[in-house]
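**Student:** predicted model and sequence below, questions to follow.
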Amino acid sequence: MRVLLTTVGSRGDVQPLLALAVRLKAAGHQPRMCVPPDFQDWIGGLGIEVTPIGAAMRKVLGSSPRTSYTPEQLRGMAEAQVAAQFDKIAAAADGCDVIVAASPLLLTARSVAQMRGIGYVFAVYSPNMLPSPHHAPPPMPLPGQLPAPPGADHRELWARDAEKTNTMFRAALNAQRASVGLAALDDVRGHVFTDRPWLHADPTLGPWPEPADQQVFHRHVFQSGAWILPDERPLSPELEAFLDSGEPPVYFGFGSIRVQHDLGQVMVETARALGRRAVVARGWAELTLPDDGSDCIAVGEVNEQALFRRVAAVVHHGGSGTTTSTALAGAPHVVVPQIYDQHYWAGRVEQLGIGVAHAPGVPTADSLTSALKCALQPDVAERARSVAAVVRRDGTQLAVERMTTTDLRA
């Protein structure tokens, strides 16, 4: 089977798809990927064919957002985005049997699959990315979007979400569909999501609501468990020496998101206030240490699976991948959510009793110290270890089995 796996976004969006690609390749299939150019060398180095799509995400996420656009600018942006996606995904899917699209922003993947007469899967990594009466849509403001009215319930919020997607993209998508002989769409989001989406989140960490409630928005949601990329890389000698030289430190990292450059100082101050050492991940924000003290170390790209097993707690932004890696390691969390699905994962961590949800926004040394002090309590650590024992590790295997035994025609 030849499979195109495609998404747009940061590493947290790309790595789960790469995990599935690696599993597909090991099972004798032929995966290829279509993802932002930031990840081309990494994926190609694993022997998987990759085609870049869109702009470099590191540049996009590092730029300042515009606050206002004219209607003409919005229409032009939508037309350009849809046309570029259609051309790029159509070319990358040449000769494939199925397309796996893992972003609500990939509006054209199913249309390409229909044009080619091949299979299509829409997959997400967080339950709150799929419509349900149990949760609101993740906050993802689009240009020109009006705020929701006070007191709006979840159904109304999801209806408004569908409406804004139609307003922004329906005309552009239908123009592309008409150019290849496909019928026009009324509901863009429903078309992209399908009535049988896949959810690659662990069912303990991020459960989909009970089956009876699936009938509200979807005929069926297949939850495979998280798609985890095995990581056998050794830790650096410098980091190994640091870990061996004292009590387990606290890890601080915010992945690919933008944060204030002085947050590294806040992180180290927080650890010191509690008599702890600190490992600070530089991330895309390029965080730095406040001094050259022996109680702290900065790291770049690192094997989180190995590192998190050796820390006292993990302070992070609440991305699905980092949340899962922390849970697998049995380490307590402090989640400081900023955008999109991170608020959902912060809430789940607190509900499970495996960590603390810090208030959204930029933490101070005082606020982060207070949250970390709670997360380091023995009962939280014990609960984190117990949850680690039930987190699934076979999500990619179940996804491959589903892909090879199910009719996926678009």
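**Tutor:** Received, thanks. Quick caveat, the model's predicted, so the values are computed rather than measured.

**Student:** in three-state terms, label Val279 for me.
**Tutor:** With DSSP: H, G, I helix; E, B strand; the rest coil as the basis, Val279 sits in strand.

**Student:** just use 58 as the starting number from now, easier for me
**Tutor:** Renumbered: residue one is now 58, and that last one reads Val336.

**Student:** ok, it touching Val307?
**Tutor:** Yes. In terms of C-beta atoms under 8 Å, Val336 counts as a neighbour of Val307; the distance is 7.2 Å. Any C-beta I mention is one placed from the backbone N, CA and C, and that applies to glycine too.

**Student:** need the overlap of contacts for these two.
**Tutor:** Val368 (C-beta atoms under 8 Å, 6 or more residues apart in numbering).

**Student:** show me the contacts for Ser168.
**Tutor:** Applying C-beta under 8 Å, 6+ apart to Ser168 gives the contacts Phe143, Leu230, Gln233, Arg234, Val237, Leu239.

**Student:** any idea how far it is from Ala428?
**Tutor:** Between Ser168 and Ala428 the computed distance is 45 Å (C-beta to C-beta, to the nearest Å).

**Student:** same check on Glu289?
**Tutor:** For Glu289 relative to Ala428 (C-beta to C-beta), the value is 33 Å.

**Student:** more neighbours: which of those two?
**Tutor:** Neighbour totals were compared for Glu289 and Ala428, and Ala428 leads with 23 against 7 (other C-beta atoms under 10 Å).

**Student:** so which strand or helix has that one?
**Tutor:** Secondary structure assignment for Ala428, by DSSP states H and E: helix 422-432.

**Student:** helix or strand next in line after the worst-scoring helix or strand of the chain on mean pLDDT, which one?
**Tutor:** The weakest-scoring helix or strand in the chain, judged by mean pLDDT, DSSP states H and E, is helix 268-271 (a mean of 52). Downstream of helix 268-271, the first helix or strand assigned by DSSP H and E is strand 279-280.

**Student:** quick one: distance of that following strand to the chain centre.
**Tutor:** How far strand 279-280 lies from its chain's middle: 16 Å, per C-alpha atoms, centre = their mean, to the nearest Å.

**Student:** equivalent analysis for stretch 228-248, please.
**Tutor:** So, by C-alpha atoms, centre = their mean, the centroid of stretch 228-248 is 27 Å from its chain's centroid.

**Student:** got the buried residues for it?
**Tutor:** Ala229, Leu230, Asn231, Gln233, Arg234, Leu239, Leu242, Val245, Arg246, Gly247, His248 (16 or more other C-beta atoms under 10 Å).

**Student:** out of those residues, which sit inside helices?
**Tutor:** Ala229, Leu230, Asn231, Gln233, Arg234, Val245, Arg246, Gly247, His248 (DSSP state H).

**Student:** Pro161: which of those residues is nearest?
**Tutor:** Arg246 (7.4 Å; C-beta to C-beta).

**Student:** isn't that closest one up against Asp218?
**Tutor:** Yes. Using C-beta under 8 Å, Arg246 makes contact with Asp218 at a distance of 7.0 Å.

**Student:** what's the mean pLDDT across the helix or strand Val169 falls within?
**Tutor:** Using DSSP H and E, Val169 sits within helix 166-173. Average pLDDT, helix 166-173: 97.

**Student:** how far away from the center of its chain is that helix?
**Tutor:** Averaging C-alpha positions (C-alpha atoms, centre = their mean) puts helix 166-173 24 Å from its chain's average.

**Student:** helix or strand right after it?
**Tutor:** strand 176-181.

**Student:** hey, where'd the strands end up in the protein?
**Tutor:** 59-63, 87-92, 106-109, 155-158, 176-181, 255-256, 279-280, 307-310, 335-338, 353-356, 370-373, 390-392, 412-414 (DSSP state E).

**Student:** now those in JSON lines, with mean pLDDT and mean neighbour count?
**Tutor:** JSON lines is the format used below for the strands of the chain (pLDDT from 0 to 100; neighbours: other C-beta atoms under 10 Å):
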{"stretch": "strand 59-63", "mean pLDDT": "98", "mean neighbour count": "24"}
{"stretch": "strand 87-92", "mean pLDDT": "97", "mean neighbour count": "24"}
{"stretch": "strand 106-109", "mean pLDDT": "95", "mean neighbour count": "18"}
{"stretch": "strand 155-158", "mean pLDDT": "98", "mean neighbour count": "26"}
{"stretch": "strand 176-181", "mean pLDDT": "97", "mean neighbour count": "22"}
{"stretch": "strand 255-256", "mean pLDDT": "97", "mean neighbour count": "24"}
{"stretch": "strand 279-280", "mean pLDDT": "96", "mean neighbour count": "18"}
{"stretch": "strand 307-310", "mean pLDDT": "95", "mean neighbour count": "26"}
{"stretch": "strand 335-338", "mean pLDDT": "95", "mean neighbour count": "24"}
{"stretch": "strand 353-356", "mean pLDDT": "96", "mean neighbour count": "20"}
{"stretch": "strand 370-373", "mean pLDDT": "96", "mean neighbour count": "28"}
{"stretch": "strand 390-392", "mean pLDDT": "97", "mean neighbour count": "28"}
{"stretch": "strand 412-414", "mean pLDDT": "97", "mean neighbour count": "26"}
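
**Student:** figure out which of the ones you listed is closest to Ala298.
**Tutor:** That would be, of those and by C-beta to C-beta, strand 353-356, which comes in at 9.3 Å.

**Student:** got the contact list for that closest one?
**Tutor:** 293, 295-296, 299, 306, 321, 325, 328, 334-339, 344-346, 364.

**Student:** buried subset of those as a PyMOL selection?
**Tutor:** Applying 16+ other C-beta under 10 Å to the contacts of strand 353-356, the buried members can be selected in PyMOL as follows:
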select buried, resi 296+299+306+321+325+328+334+335+336+337+338+339+344+346+364
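
**Student:** now the strands of the chain in TSV, with distance to Arg405?
**Tutor:** Listed next are those as TSV, based on distance: least, C-beta to C-beta, whole Å:
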stretch	distance to Arg405
strand 59-63	26
strand 87-92	27
strand 106-109	32
strand 155-158	25
strand 176-181	15
strand 255-256	14
strand 279-280	14
strand 307-310	19
strand 335-338	22
strand 353-356	26
strand 370-373	13
strand 390-392	9
strand 412-414	9
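
**Student:** please consider this matter closed, and thank you.
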